[in-house]
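> sequence? don't have it. structure:
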């Protein structure tokens, strides 16, 4: 589905246009049908009036003038004939009652006079009335667009002399027409509604929603977000207010937790220093060395805890960086180095120092325990994946997630004897998740460990902001 149609604004615009089109179509259809009914009713009453007048003339005129009266009354659409028998053998009052009442009223309201009316619809494909001239019939077909649908009326009126006046006429149903005025009216109405409702009202609705979406994305990446203004409809203002409250609570929670960790690590330094001094005063060499080693181990863990807490509470500003150049600079700065396969030019928004620290932890782990690091990256429409592969022994499947827990250490090749406090991967994942990404581990089929660092790509809005600068 195209992105414009997939948006709330696009779908509401399509819904409004579709509703207007359906309503206008129904309105035009009803209008045309009502117009057709009015035309047929007028023609029926006109034919009934003419029949009543002809009947009165025939009854008052001498017999020698009757045929002349019939010839004068005939027209291409209405035919009059005198006969000893009625053309209508029975009277149908489904729709003919009004016609009969019209004729009877014009004839003086005599109830004894017999009047028969028959109405029936003629199926499509009929030709014009047989009494029309050929040229008029062609014009009639062209006017009706070649599709005739009619109601045929047969009227038999009993005359005082014993004869019957038979009248035949046909009311063609006008074809469905779409007047240009209605089409123009529909276009103007649609434009007014789209400009007023869709442009103004929907902007008031979708604008705040987009701001909330961008703010939530930035908050998920650890960026500082100012409280959003309360604008738009009441429901949107309530959503914005709830987002502001959630942001304030999360900020307080993370700040309190970070301060607790930092205070704990800081306060432990003083007693550890005192313990180190006291350990140095022990006379027995073996005991003194054991105590000093334990104190140093604890000091290392405290330093790592402080570093972990500082990574959570980083106030570094976000920047838009080109990933290939960023990794090449990291490759040049690391002493041992690593192999890098730089692909397409990609822009990501991140805290450069924090992500550098996370990647360094991961790459140093690969160098220390896997015999080297191979770094590649690939991307889709929304994320970039940085792969750090090594050729070491890998990690048991049951411990792929446990290694991210603080101070968790594997007992074999990644044990304390080879270095590390168990906070390197925890710190890396914390930093990456603060950017809206994640870190995952998997064992390679050809041997070794694969670390996948997922980071969000620069959004279209961020690209626009970068291009404007």
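On my side now, so go ahead. Only a predicted model underlies this, so the values are computations on that prediction, with no experimental measurement involved.

> Name the SS class of residue 447, please.
Secondary structure, DSSP: H, G, I helix; E, B strand; the rest coil: residue 447 is coil.

> so what's it scoring on pLDDT?
Looking at residue 447, its pLDDT is 88.

> same question, residue 332
88.

> distance of it from residue 325?
Per CB to CB, to the nearest Å, residue 332 is found 11 Å from residue 325. (C-beta placed from N, C-alpha, C; glycine too.)

> and what of residue 113?
Distance from residue 113 to residue 325, by CB to CB: 106 Å.

> Ramachandran angles for residue 380?
phi -120, psi -160 (degrees, to the nearest 10).

> burial count for it?
8 (other CB atoms under 10 Å).

> Tell me which of residue 113 and residue 325 has more neighbours.
Applying other CB under 10 Å to residue 113 and residue 325 shows that residue 113 carries more neighbours, namely 15 against 11.

> Show the pLDDT at the more buried one.
pLDDT, residue 113: 81.

> same check, this time on residue 269
pLDDT recorded at residue 269 is 73.

> and it, how far is that from residue 369?
Residue 269 is 29 Å from residue 369, by CB to CB.

> lowest average confidence, helix or strand, in the protein?
Lowest on mean pLDDT, DSSP states H and E among the helices and strands of the chain sits helix 134-143, with a mean of 49.

> Okay, buried residues for the following helix or strand past that one please.
The element immediately downstream of helix 134-143 (helix or strand, assigned by DSSP states H and E) is strand 150-158. Residues of strand 150-158 classed as buried by neighbour count (16 or more other CB atoms under 10 Å): 150-151, 153-158.

> Could you find the lowest-pLDDT member of those?
Among those, residue 150 carries the weakest pLDDT, at 67.

> for the record, mean pLDDT for the host helix or strand of residue 357?
Using DSSP H and E, residue 357 falls within helix 352-370. Averaging pLDDT along helix 352-370 gives 88.

> Equivalent analysis for stretch 301-321, please.
Mean pLDDT, stretch 301-321: 69.

> who's in contact with stretch 376-389?
323, 327, 338, 340-341, 343-344, 346, 348, 359, 362-363, 366, 373-375, 437, 444, 448-457 (CB atoms under 8 Å, 6 or more residues apart in numbering).

> nope, stretch 77-90 is what I meant
So stretch 77-90 is contacted by 47, 50-51, 54, 58, 66-67, 70, 73-74, 116-118, 129, 131-132, 154-156, 158, 162-170 (CB under 8 Å, 6+ apart).

> of residue 269 and residue 369, who's got more company?
For residue 269 versus residue 369, the count of surrounding residues by other CB under 10 Å is larger for residue 369: 21 against 13.

> pretty sure that one contacts residue 390?
Yes - using CB atoms under 8 Å, residue 369 is in contact with residue 390, at 7.1 Å.

> and residue 374, backbone torsions?
Per degrees, to the nearest 10, the backbone of residue 374 is at phi -120, psi 120.

> Residue 84 too?
Main-chain dihedrals, residue 84, degrees, to the nearest 10: phi -80, psi -20.

> For residue 65, grab the count of nearby residues.
13.

> What does the pLDDT read for it?
At residue 65, pLDDT is 89.

> And the one 5 residues further on, by the same measure?
At residue 70, the pLDDT value in this model is 88.

> dump the residue contacts of it.
54, 58, 80-82.

> mean confidence score for whatever helix or strand residue 205 lives in?
Residue 205 belongs to helix 202-220 when assigned by DSSP H and E. Mean per-residue pLDDT for helix 202-220: 78.

> The chain: strands as residue ranges?
Secondary structure of the chain (DSSP state E): strands located at 78-83, 115-122, 150-158, 164-172, 319-322, 339-341, 347-350, 374-379, 383-389, 438-443, 449-456.

> Which of the ones you listed sits closest to residue 284?
Ranking the strands of the chain by their distance to residue 284 (criterion: CB to CB) puts strand 449-456 first, at 42.9 Å.

> contacting residues for residue 330?
By CB under 8 Å, 6+ apart, the residues touching residue 330 are 356, 359-360, 363.

> So how do I select the buried members of those in ChimeraX?
ChimeraX command restricting the contacts of residue 330 to the buried ones, with burial defined by 16+ other CB under 10 Å:
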select :356,359,363
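
> how about TSV for the contacts of residue 330, with distance to residue 193 added?
Converted to TSV, the contacts of residue 330 look like this (distance: CB to CB, whole Å):
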residue	distance to residue 193
356	54
359	53
360	58
363	59
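
> biggest separation within the contacts of residue 330, which pair?
That would be 356 and 363, which, of the contacts of residue 330, are the farthest apart (CB to CB) at 10.3 Å.
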